[in-house]
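> only geometry, no sequence info:
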């Protein structure tokens, strides 16, 4: 697997993970298969009120407004076309790097153990490398007082690597809202690290 850039920025911080909970949960919902709630004014207000004051907040709001400018049926068709019918682009983040299904299966098993280690149980029907599920885990994990945070490096490596590969595969549609959201997710990962230049102000 390509070496992730997280080590260049610092180590994973429990405090910053706490500060970013709302960001991860919002991004998880926006990145998942679209449902009616995504298009509501309440969800837009939630994003404006709860998403941390990072450099990416304005882009998140702009992306959501672009998504809300479409009806749900169109949005579902576009999402399916990008991520489910396109063999080059997938939200299963280990897909790009493991030709050997056994090797990929080993990483998926390690991610499952990681989720359970920090108190999160995902839907058994969903693979553990599914991008929205990984973001949901970051929004729900129990970090306080846990000395095993360094074990999260595996998840960050998979996220960094997977989002990089998605962006590479999606260059022709880089202005699509969902692809722009991938860029936001990639940038937001860095806020969870100490020694990072950028700060989260709440």
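Looks like it came in fine. In this text, all values refer to a predicted model and were calculated from it rather than measured experimentally.
> Any chance you could spot the residue sitting in the middle of this structure?
residue 135 (4.2 Å; Cα atoms, centre = their mean).
> moving C-terminal of the strand or helix carrying that one, what's the next helix or strand?
Per DSSP states H and E: residue 135 is located in helix 131-140. Going down the chain from helix 131-140, the next helix or strand is helix 153-169, by DSSP H and E.
> quick one, helices of this structure?
6-9, 14-19, 21-31, 41-50, 57-68, 72-83, 101-117, 131-140, 153-169, 177-189 (DSSP state H).
> Adding mean pLDDT, write the ones you listed out as a markdown table.
Output for the helices of the chain, formatted as a markdown table (pLDDT from 0 to 100):
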| stretch | mean pLDDT |
| --- | --- |
| helix 6-9 | 48 |
| helix 14-19 | 93 |
| helix 21-31 | 98 |
| helix 41-50 | 98 |
| helix 57-68 | 98 |
| helix 72-83 | 97 |
| helix 101-117 | 90 |
| helix 131-140 | 96 |
| helix 153-169 | 94 |
| helix 177-189 | 97 |
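> Now distance to residue 123 too, for the ones you listed, in CSV please.
(Each C-beta comes from the backbone N, C-alpha and C, glycine too.) Putting these into CSV (distance: least, Cβ to Cβ, whole Å) gives the following:
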stretch, distance to residue 123
helix 6-9, 27
helix 14-19, 22
helix 21-31, 13
helix 41-50, 21
helix 57-68, 23
helix 72-83, 18
helix 101-117, 11
helix 131-140, 8
helix 153-169, 17
helix 177-189, 20
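> Nearest to residue 94 among those helices would be which one?
Residue 94 sits nearest to helix 101-117 of all the helices of the chain, at 5.2 Å, using Cβ to Cβ.
> Would you mind giving the orientation angle of that closest one with respect to helix 131-140?
30 degrees (axes from the mean of the first three to the mean of the last three Cα atoms, to 10 degrees).
> Buried residues, helix 101-117. List them.
Going by neighbour count (16 or more other Cβ atoms under 10 Å), the buried part of helix 101-117 is 104, 107, 108, 111, 112, 114, 115.
> Find the nearest non-adjacent residue to the fifth one, please.
When you say that, I think you mean residue 112. residue 128 (4.9 Å; Cβ to Cβ, 6 or more residues apart in numbering).
> Need the residues that contact the helix holding residue 135.
Residues from elsewhere that reach helix 131-140, judged by Cβ atoms under 8 Å, 6 or more residues apart in numbering: 17, 20-25, 27-29, 31-32, 91-93, 111, 115, 118-120, 122-123, 126-128, 155, 158-159, 162-163, 185, 192.
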